[in-house]
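**Q** All I have is the shape, not the residue letters:
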């Protein structure tokens, strides 16, 4: 019988891999983003429309000193996550994530997909001409060489079976 020895979670954002001096560079992507949505109405809006609706006090937080504090807090949290994860010494890691159009697209976007291949490949991001320094730093967080990570395929198969038997609508894939 397996024993759960830890549960860990982390938010994710390109900002987590950027030094504070590149946060404002990364923010330029928001200005160019044609798919911004105003909540709670769920209406597509321009960046300028969002700024007009924003609390004016937000402007006091858009500075390098505030970004430095956030980067320090992010790094402290990641350091703690790394320390505690290392202390668990797990035999197997079950990882959850969101796809964000990396393996799946809107023509086939399962609620839950369980991967059970023998390995899974980490593919570095492509550095393209014209990318900002912030985009380049974020892309480099994926590494610079392809890496195949081992997968416990038998555990994956077991989880697929178990979840289906317990009325979960699970998609499954064994290759990327």
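**A** Sure, I can see it. Note that the structure is predicted; figures quoted are calculated from it, not measured.

**Q** what about the longest helix in the chain?
**A** Counting residues, the longest helix found in the chain (DSSP state H) is helix 64-88.

**Q** List the buried residues for that helix?
**A** 67, 71, 74 (16 or more other CB atoms under 10 Å). Where C-beta positions appear, they are placed from N, C-alpha and C, glycine not excepted.

**Q** before we move on, what about stretch 153-163?
**A** Going by 16+ other CB under 10 Å, stretch 153-163 has these buried residues: 156, 159, 160.

**Q** Can you name every helix or strand that the longest helix of the chain contacts?
**A** When contacts are defined as 3 or more CB pairs under 8 Å, 6 or more residues apart in numbering; DSSP states H and E, helix 64-88 packs onto helix 23-32.

**Q** Please tell me how far the following helix or strand past the helix it packs on is from the chain's geometric centre.
**A** Scanning forward in sequence from helix 23-32 by DSSP states H and E, the next helix or strand is strand 37-38. Here the centre of strand 37-38 is set off from its chain's centre by 21 Å, with CA atoms, centre = their mean, to the nearest Å.

**Q** re the thing from before, out of the buried residues of stretch 153-163, who's nearest residue 134?
**A** residue 156 (35.6 Å; CB to CB).

**Q** residue contacts, the closest one?
**A** Contact partners of residue 156, counting by CB atoms under 8 Å, 6 or more residues apart in numbering, are 114, 115, 116, 117, 172.

**Q** Kindly indicate whether the spatially closest residue to the third one that is not a sequence neighbour is helix, strand or coil.
**A** Looking back up the chat, that one is residue 116. Counting by CB to CB, 6 or more residues apart in numbering, residue 116 lies nearest to residue 156, which is 2.8 Å off, once chain neighbours are set aside. Under DSSP: H, G, I helix; E, B strand; the rest coil, residue 156 falls in the helix class.
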